[in-house]
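Colleague: Please find the sequence and the predicted model below.
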Amino acid sequence: MIRREDYVRELQQGILLIADHLARLKGEDAAVAFAGFPAEGDYADDQPEKVDLTQFGNGMPLLLMYDFAMGLCALEPSGDFEESALASFIDLVPRTNAYGEPAAWPEDPLTAQVLDMFRARQKLSDPNQRSTAVFSVRELALLADMREGAVRNALSAKELASHREDGKVVVNWAEAAAWLLKKRGFRPTPDTTSHYIEFETASSLTQLLAALAAFPGAEGNLPTEWLSGRWSGNLSEVQAVAHALRIDPEKLAIHMSRLWVREQQ
């Protein structure tokens, strides 16, 4: 299983590589403004843990992608934004340092694995794709937390029926879903889509707070006044609740603030 701390460290390393190129192309000030701190030497060789991902506009979506991909929370109806954020990040990370030397960036980075797992989980969880979706050996291996060789062995042993599309061996949705449920390493996607829909469509602060209280993990993580349908406007509370419920803090803050202001008028 991909460990969260390893995924986060790779994101931080990617930020350092981008900052390394910025320092050479635009100067130290531009790199500091981007990374959030001056480097001790070259950014590419600095300590990844110095990078605070929460200070980046796409930091939270990048962190949420891990939870979505690993099945730790439901796939948000708006998950396409997080997918786009991670795909763009992967494309932006240089494969060399500012001097053209090979960077400490893996050939198959964890970020790419998380992105592929997220896309596979989307297909698996979408009822509208059940008649058309197919899964590659890599996707099945990621979802089942197995090596690709083990999946190929399952195909050879006829545990899975497969066919070819565009020259690649693939497995249809029904076969993949039934097989994955038998695998110890597979984590089914939590079905809390209805909670996200109620959250995003709430037309009053009372409705919104009630929707949040119904989320898995809400018990013990919501301020007492929220449970009574009230909010003082304290944005630090929003940040804490968003992290506990795995909701984008910015999205929650905007939605709550808009409804709160409307009720003050």
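Modeller: Now that the structure is in, tell me what you want to look at.
Colleague: Kindly indicate whether residue 170 is helix, strand or coil.
Modeller: strand (DSSP: H, G, I helix; E, B strand; the rest coil).
Colleague: Who does it form a beta bridge with?
Modeller: residue 136, residue 163 (DSSP bridges).
Colleague: Could you list the domains of the protein?
Modeller: Split into domains by automatic domain parsing, the chain comes to 4-116, 128-180, 193-264.
Colleague: can you redo the ones you listed as TSV with mean neighbour count?
Modeller: Using the backbone N, CA and C atoms, a C-beta is placed for each residue, glycine as well. Formatted as TSV, those follow (neighbours: other Cβ atoms under 10 Å):
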stretch	mean neighbour count
domain 4-116	17
domain 128-180	16
domain 193-264	15
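Colleague: Which among those domains is found nearest to residue 187?
Modeller: Shortest distance between residue 187 and those, using Cβ to Cβ, is found for domain 4-116: 3.7 Å.
Colleague: any chance of the domains of the chain in JSON lines, with distance to residue 186 too?
Modeller: Formatted as JSON lines, the domains of the chain follow (distance: least, Cβ to Cβ, whole Å):
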{"stretch": "domain 4-116", "distance to residue 186": "8"}
{"stretch": "domain 128-180", "distance to residue 186": "5"}
{"stretch": "domain 193-264", "distance to residue 186": "19"}
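Colleague: Grab the nearest non-local neighbour of residue 233.
Modeller: Excluding its sequence neighbours, the residue lying closest to residue 233 (Cβ to Cβ, 6 or more residues apart in numbering) is residue 260, at 5.9 Å.
Colleague: Correct me if wrong, but the one you found is in a strand.
Modeller: No: with three-state DSSP as the criterion, residue 260 is helix rather than part of a strand.
Colleague: Now for it: which residues touch it?
Modeller: Residue 260 makes contact with 205, 231, 233, according to Cβ atoms under 8 Å, 6 or more residues apart in numbering.
Colleague: a markdown table for the domains of the chain, including mean pLDDT?
Modeller: Formatted as a markdown table, the domains of the chain follow (pLDDT from 0 to 100):
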| stretch | mean pLDDT |
| --- | --- |
| domain 4-116 | 91 |
| domain 128-180 | 95 |
| domain 193-264 | 84 |
